[in-house]
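> Need coordinates for the following:
(chains A and B)
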Protein chains: 2
Amino acid sequence: MPDIFPAAASTTDLERGTTLAPRFDANGLIAAIAQHADTGEILMLAWMNAEALQLTLDTGEAHYFSRSRNALWKKGETSGQIQTVVELRVDCDQDAVLLKVNVGGDGGACHVGFRSCFYRVVEDGQLVERV
Amino acid sequence: MPDIFPAAASTTDLERGTTLAPRFDANGLIAAIAQHADTGEILMLAWMNAEALQLTLDTGEAHYFSRSRNALWKKGETSGQIQTVVELRVDCDQDAVLLKVNVGGDGGACHVGFRSCFYRVVEDGQLVERV
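Model (predicted):
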């Protein structure tokens, strides 16, 4: 498969340019943060390969790459928790993306059943569930 | 160095237990999202090794691990952009942490000069700076 995305020609291009030139890691993945577009709540951190990122841009619905299943994955395909992308941002060195999303189905994102995957706070070295 | 953090004994312990058992990747790192405690703005995505996470918990100030410099790094040590941790959360499978922080110095987080590292939106396949 040819590369879907170009590489930035320079640090200036990477940081200030107009070309989307995501820097995938050695496994071909980039970290993707999903944030609720209305509430600002962080829903999840997941991973995208180039194909997942391109599909997300093309369809406006979040696609990820499952490291455990080693497979492309459309969020919500079975759960109904489709993430409609309101805005997609990239960070300074283009090795992370931020998706501001609205969520279909029951509005959740986490397979454990919570709205957000970050349902536990560290307090005095212990985890406490707090949604 | 002995392991700083234990491993979870089961998936149930990992997802619902009270033991902080972060799952570092093959490079010994875990993804860390810094979110502004007041505004909810995502400031940056960085990486922590076990030592950085422990130092963050012990001191209440965010420490990371720089992949490019291969070194532990206290955010703001030179810039003054110290991140004081208001809350630290871990996700369902404990391979990502979320830090809600207040920011010292000029209030920024990005080395390029923006408040957040995510200062560019993808629009029609191009990057547009929008803070």
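
> got the residues of chain A near chain B?
Proximity of chain A to chain B is confined to A:15-20, A:31, A:33, A:35, A:39-42, A:44-45, A:57, A:87-93, A:96, A:98, A:110-112, A:114, A:117-122, A:125-129 under the rule CB under 8 Å from any CB of the partner chain. From N, CA and C alone the C-beta is placed, and that goes for glycine too.

> Show me those that map onto strands.
Using DSSP state E, A:31, A:33, A:35, A:42, A:44-45, A:87-90, A:96, A:98, A:120-122, A:126-129 are the members of the residues of chain A next to chain B that sit in strands.

> out of the residues you listed, which are buried?
With burial judged by 16 or more other CB atoms under 10 Å in any protein chain shown, the buried subset of those is A:31, A:33, A:35, A:42, A:44-45, A:88-90, A:96, A:98, A:120-122, A:127.

> Go through the residues you listed and name the one nearest residue A:74.
Each of these was checked against residue A:74 using CB to CB; the closest is residue A:44, at 14.1 Å.

> from memory that closest one sits against residue A:119, does it?
No. Contact status for residue A:44 versus residue A:119: not in contact, 10.9 Å apart, counting by CB atoms under 8 Å.

> So what sits opposite residue A:72 in the bridge?
With DSSP bridges as the criterion, residue A:72 is bridged to residue A:65.

> dump the residue contacts of it.
The contact partners of residue A:72, taken as CB atoms under 8 Å, 6 or more residues apart in numbering or on different chains, are A:49, A:51, A:52, A:55, A:63, A:64, A:65, A:66.

> likewise residue A:33?
With contact set as CB under 8 Å, 6+ apart, residue A:33 has these partners: A:42, A:44, A:45, A:96, A:97, A:98, A:99, B:33, B:42, B:45.

> Who's the closest spatial neighbour of the residue of chain A found nearest chain B, skipping the chain neighbours?
With CB to the nearest CB as the measure, residue A:40 is the residue of chain A nearest to chain B, at 3.1 Å. Leaving out its chain neighbours, the residue that sits closest to residue A:40 by CB to CB, 6 or more residues apart in numbering or on different chains is residue B:40, at 3.1 Å.

> so who does the one you found touch?
Neighbour list for residue B:40: A:39, A:40, A:41 [criterion: CB under 8 Å, 6+ apart].

> How confident is the prediction for the residue of chain A closest to chain B, by pLDDT?
Turning to residue A:40, the model gives it a pLDDT of 97.

> Now the phi/psi pair for it, please.
Per-residue torsions, residue A:40: phi 80, psi 0 (degrees, to the nearest 10).
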